[in-house]
Structures are given as C-alpha cells and as structure tokens.
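Trainee: how would this look folded up:
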Amino acid sequence: MTIDHIDLSRIDLNLLVALDALLAERSVTRAAARIGIGQSAMSSALARLRVLFGDELLTRAPDGMRPTPRALALSEPLRALLRQVQGLVRRDEAFDPRTVVRTFTISLPDSTEVLLATRLLAHLRREAPGISLLLRAVDRAHILEEIDADRVDLAVDLSFRGQMHHKQRLLYRDSYVCLFNAAQVGLTPPISLDDYLRFPHVLTSLRGTAHGVVDDALARLGLARTLAATSPRFVAVPFLVRAAPVLTTMHARLAHLFAETLGLTVSPAPVALDEVAVAMLWHASYDDDPAHRWLRDLLRRLADEPAVLS
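Mentor: Numbers count the residues shown, from 1 in each chain. Coordinates of the predicted model:
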C-alpha cells in the first residue's frame, strides 16, 4: 500500500499514544497520569479519537470504562505499532545494562521468587544497578489480562495457555519429591506408600482448595491422604513441616533448597506424579525490546544454576 503522506500528516500521532494508555487503564484519569498530561487534555484526546475512528472506543460502565469491539480490535495492532516506532527511534542506541534505568514488574509465585529472584537481584546489583524489580504474586486467573494491559512486564509460573501475542520460553522442568522432618516422623528415605499415607500432609494451594495433584494421583489408585493443613504460600510449608510430624510434596528444586537450609529430609514421592514445566510469559510487543530481551536471557541462564540460600 502506498503511503498517503498528506492524509497521515493530518493525524496527531500523539493520539495513538493516548489511545494505548486509555485501553490499558480504562480510565481517563489513570491514562492521563500514565503519559503525564492533565485529565482535561486526555478527555479532549478521547473526543478526537472518537471522531478519528468513528467509534465511541470507550463507554462508561459500573466498573470504569469498557472498550468497544472496535477498540478491542485496535488494541493489539496499536501496541505493536507503537513498539515498532519506539524501536525505530532507538535503533542506533547501543544497549548497555550498566546504564539502563528501568523498573520491571514481574509476577511469580513465592516459590520461584525464592529460587530465581534472589539470584536475579544479586546479579542486577552487580551488572545493572539502574534496573529495579517490582515483584508481584502471580494471579493465574487474570495474568493474561495484566500482560495485555501492560501492567506486568514478565510472568513466571507453570506453563501458560495464551494467545498468539503471548510469547513463552521454558525456564526449567521440575519433578515432585516428599519433604519431612526425620526427627518428627522417624522415617528415612525412600519412604513407602504405606508410610506416605500413614502421616498427614501439608498442601500448598494457590486457589485455596484442599485438593492437589497428589490427591488426583492417589485417587487413580483408589487411595486418599489426610491433610493436616493447607497454605497458599510455598515458603511457609517447610516451617510447618519442621515443627510437626507431617509430610509435604513439592517441587524438587525448592524442596532440596529448604532441606539444606532447615535440616529437613527429601525422599522420592512414592506415587507417580508428572513433571512440571516452569516458563516465562510476555507480550510479543516486547520481543525486540533490548532490556526486556536481556532480562529474559539472564533469567534463562540463572535457571540453570543451582539454587543457594546464603
């Protein structure tokens, strides 16, 4: 398609920046703060955008402003276009992590925060002191929306089911093991299935339900375990296990780390459990962002290193 320069010259490209902010925030006030203009100026921009696209774009709703179907269709190509423009302007800038000043918002469970974010922070302070982290608990029900709204730069969790514009990269695979305080339960590894069922268990459940992958595996054998406690926090569970005659089943990397730190014992789980894949998720518009790409590569390298708590 031939570019109509005269037609394009009539369009204020700042309006597209305003539209992206409005679609991300779904609030005139928050969108104005996001790009550093006044609320009245953003209201004026929205009025001009409605004329430009011949559509209301955002309509009032009880929970804020709701995008129209036309606005939703514009969202992804608009974000990709703005990223391309930004990349074009910055093309000749050499990326140097030592001089970058930027905050990355990363959503992840507390288990991955212990395993990866500790080493990530140490590396950043040495190699990229201008990069700071805003770490948030991962909300599995809404993480794709948060990625799309640009409220999260990167998510780390079990493999995601996203759309074409959600990019993934495997960080590592992990298995399940059993963790316990040998002094409390009087067991030595490898523990038997009978012993596994004889003692009550502590379950980590991010959804708050008293059911997990172990219960599914036992049900296939016509068996069931007794739960002593359920917690939404992975990092709290080993302390519960250390204090009482209970068992827990968790990812091997985390279990070995806590066993070494807290004097606990690891045993293979006496029931067949599938491996899990831990991956990174981000919006495709960040694919060629130098700092974002550098951070992803760094996390991938750190995932191969042994986890240590000093």
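Trainee: Quick check: residue 128 touching residue 95?
Mentor: No: Residue 128 lies out of contact with residue 95 (C-beta atoms under 8 Å); the separation is 10.5 Å. The way it works is simple: take the backbone N, C-alpha and C, and place the C-beta from them, glycine included.
Trainee: higher neighbour count, the two?
Mentor: Counted by other C-beta atoms under 10 Å, residue 128 and residue 95 do not tie: residue 128 has more neighbours, with 20 against 12.
Trainee: Just give the nearest non-adjacent residue to the more buried one, would you?
Mentor: Among residues not flanking residue 128 along the chain, residue 97 sits closest, at 3.8 Å (C-beta to C-beta, 6 or more residues apart in numbering).
Trainee: Show me the contact partners of the longest helix anywhere in the chain.
Mentor: Secondary structure of the chain read by DSSP state H shows that its longest helix is helix 69-89. With C-beta atoms under 8 Å, 6 or more residues apart in numbering as the contact definition, helix 69-89 has outside contacts at 13, 16-17, 19-20, 23, 53, 55, 57-58, 67, 148, 150, 165, 283-286, 288-289.
Trainee: Kindly report the same for stretch 273-282.
Mentor: By C-beta under 8 Å, 6+ apart, the residues outside stretch 273-282 that reach it are 112, 143, 147, 153-160, 162, 166-176, 213-214, 217, 249, 251, 292, 296, 299-300, 303.
Trainee: Just these: which are in strands?
Mentor: Mapping the contacts of stretch 273-282 onto strands (DSSP state E) picks out 154-158, 166-174, 176, 249, 251.
Trainee: List only buried entries from those residues.
Mentor: 154, 155, 156, 157, 166, 167, 171, 174, 176, 249, 251 (16 or more other C-beta atoms under 10 Å).
Trainee: tell me the contacts of the third one?
Mentor: With contact set as C-beta under 8 Å, 6+ apart, residue 156 has these partners: 106, 107, 108, 112, 116, 138, 171, 278, 279, 280, 281, 299.
Trainee: hey, what's it bridged with?
Mentor: Applying DSSP bridges to residue 156 gives these bridge partners: residue 280.
Trainee: Can you give me the pLDDT of it?
Mentor: What the model reports for residue 156 is a pLDDT of 95.
Trainee: Distance check, it against residue 36.
Mentor: Computed as C-beta to C-beta, to the nearest Å, the residue 156 to residue 36 distance reads 30 Å.
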